[in-house]
Structure formats: C-alpha cells, structure tokens
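Student: the sequence and its predicted three-dimensional model are supplied below.
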Amino acid sequence: MDFNYDTMCFACGEQNDWGLKLKFTEKDGVVETSLIPSDVFQGYPGVMHGGLNATILDEVMARAVYAAGFNAMTARMELRYRKHVPIGQKVVYRAKIVAARKKLYDLEAEAVLEDGSVAVEASARFMIINEEELNGTE
C-alpha cells in the first residue's frame, strides 16, 4: 500500500528536518511502524517523552483509517502508559480499526517493546474528512 507521504509531515515527512520520518506497512488490517528513539526524543534521562509516543500512536491509527480508504482526523484519543519506553531500543507501534459507522472509526493501538511487552495502549475515535476539508478549501 502506498501511504502517500507528505514531505513535511512531522510524523512521516522525509524533508522535515525536525520530523520522525516514519514508514508504515499494512498487513491484514494492522498498520505498523517502528522507531529506535534517540536522545533527542528524551523526556526523563533514558526515557522517551510520552508526548512523542502519543504522536506516533495517533499517526499509526490515522494510517489504519487511510489503509481502509479514507482520510481522517482524530476526534478523541485516550492513552494508558504501562511502562516507560527506553531510549535506544526498538519500539513497534501497531494500530487496527475495531469499529466503523458512517463517518466515525474507532481504533486501538499499542507501543510494543523489544521484549514483547506493551508500554503504551491507545484507543481513539477518528472522523472521516473529505478532500476539501483536508486541503482547507471547504
């Protein structure tokens, strides 16, 4: 699947010097990305900033809706931090759609550490938007 990367997107933009430059894959309705956080992603010493985990979980859920054929924006999101995410270790972020009705999609996502444990869980509701809304012309 081509995820149509925007060059300046904070999460995936290849030309955004400040961005995360994430790449996404999709298999059987699950969208995934991974990252090895460096020191620049630090909150507490040796620990990835929780807001960056929230950003990546939000993005991987948006990409799951995109993989289903729609553009969408976050309507609400809830996070549960179970463990800290260490700097320098690979983290895998996964998301899937769990319910869909009209213009609303409910999703679940998780951040999984190298040892297989879940560090962060997310649930969110996304609202489908049309091309005009996406481009700010409506």
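Tutor: Looks like it arrived, so ask away. Numbering: from 1, shown residues only.
Student: buried sites along the biggest helix by length in the chain?
Tutor: Criterion DSSP state H: the longest helix present in the chain is helix 50-67. Within helix 50-67, the residues that qualify as buried by neighbour count (16 or more other Cβ atoms under 10 Å) are 50, 52-54, 56-67. (Each C-beta comes from the backbone N, C-alpha and C, glycine too.)
Student: burial measure for Glu114, as a count.
Tutor: 11 (other Cβ atoms under 10 Å).
Student: can you tell me the SS state at it?
Tutor: coil (DSSP: H, G, I helix; E, B strand; the rest coil).
Student: tell me who's in contact with it.
Tutor: Going by Cβ atoms under 8 Å, 6 or more residues apart in numbering, Glu114 touches Gln89, Lys90, Val91.
Student: show me how to select, in PyMOL, the buried members of the residues you listed.
Tutor: Filtering the contacts of Glu114 down to the buried ones (16+ other Cβ under 10 Å) takes a single PyMOL command:
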select buried, resi 91
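Student: filter the contacts of Glu114 down to just the ones in strands.
Tutor: Of the contacts of Glu114, the ones assigned to strands by DSSP state E are Val91.
Student: same list (the contacts of Glu114) but as TSV, adding pLDDT and distance to Asp28.
Tutor: TSV is the format used below for the contacts of Glu114 (pLDDT from 0 to 100; distance: Cβ to Cβ, whole Å):
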residue	pLDDT	distance to Asp28
Gln89	97	26
Lys90	98	22
Val91	98	21
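Student: where does this structure dip in pLDDT?
Tutor: 1-6, 132-138 (pLDDT under 70).
Student: how about the strands in it?
Tutor: Remark: strands assigned in the chain by DSSP E are 25-27, 30-35, 71-81, 91-101, 104-112, 118-129.
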